[in-house]
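> What shape does this take:
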Amino acid sequence: MVAYAPPGWPAQVRPPDAPDWERTASSWLLDICPPDFRGYRTLRHHPVVLARFAALHIEACQLAARRGLSEARSELRDVADGDTVEAAVQTWHTESARLIAIRRAVGLVEEALRGGRFRARL
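Model (predicted):
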């Protein structure tokens, strides 16, 4: 069987069933998590547990981005000019889009770590 990675799969992670793919998955997951996560033996030695932690971490970041976006204009209007406030709003939009892509990628990696496999579709 040829290793296949579905759309949204992180470029830094080898496709499921490729040699050493779980090591690349763990490395990538640790890279997207807070640095302190590297200090937890359980997370370093159990990729599926690490994937669950990563998913929850990214979801928390998504909540923070939504809050930042909803409050940006009211919270920043007294401390920054209009152009800067709008730039901050655009930055929140950009960050939200980045987090959506990362959350999808984490979900795919977690699914594969739990034994799921993907097939190319026509």
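
> Please make it C-alpha for all contacts and neighbour counts, starting now.
OK.

> quick one, phi/psi of the spatially most central residue of the chain?
Central residue of the chain (CA atoms, centre = their mean): Ile102, 3.0 Å from the mean position. Main-chain torsions, Ile102, degrees, to the nearest 10: phi -70, psi -40.

> Give me the pLDDT for it.
Looking at Ile102, its pLDDT is 98.

> cool, the one 10 residues further on as well?
Turning to Ala112, the model gives it a pLDDT of 97.

> Next up, identify which helix or strand it is on.
In this assignment (DSSP states H and E), Ala112 forms part of helix 82-113.

> Buried residues of that helix, list them for me.
Of the residues in helix 82-113, 85-86, 88-89, 92-93, 95-96, 99, 102-110, 112-113 count as buried by neighbour count, 16 or more other CA atoms under 10 Å.

> for the spatially closest residue to Pro6 that is not a sequence neighbour, what are its contacts?
Excluding its sequence neighbours, the residue lying closest to Pro6 (CA to CA, 6 or more residues apart in numbering) is Phe118, at 6.5 Å. Neighbour list for Phe118: Tyr4, Ala5, Pro6 [criterion: CA atoms under 8 Å, 6 or more residues apart in numbering].

> Can you turn the buried part of those residues into a PyMOL selection?
Filtering those down to the buried ones (16+ other CA under 10 Å) takes a single PyMOL command:
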select buried, resi 4+5
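
> Return the member of the contacts of Phe118 nearest to Ala65.
Each of the contacts of Phe118 was scored against Ala65 by CA to CA, and Pro6 proved nearest at 26.5 Å.

> quick one: the closest one and Gly116 touch, right?
No. Contact between Pro6 and Gly116 fails when scored by CA atoms under 8 Å: they sit 11.7 Å apart.

> got any residues that touch both of these two?
Counting by CA under 8 Å, 6+ apart, nothing touches both Pro6 and Gly116.

> hmm, back to that, tell me which helix or strand the residue nearest to Pro6 sits in.
Short version, using DSSP H and E: Phe118 is in no helix or strand.

> got it, and Thr42?
Judged by DSSP H and E, Thr42 forms part of helix 41-45.

> Now the element after that helix, going C-ward?
On the C-terminal side of helix 41-45, the nearest following helix or strand under DSSP H and E is helix 47-76.
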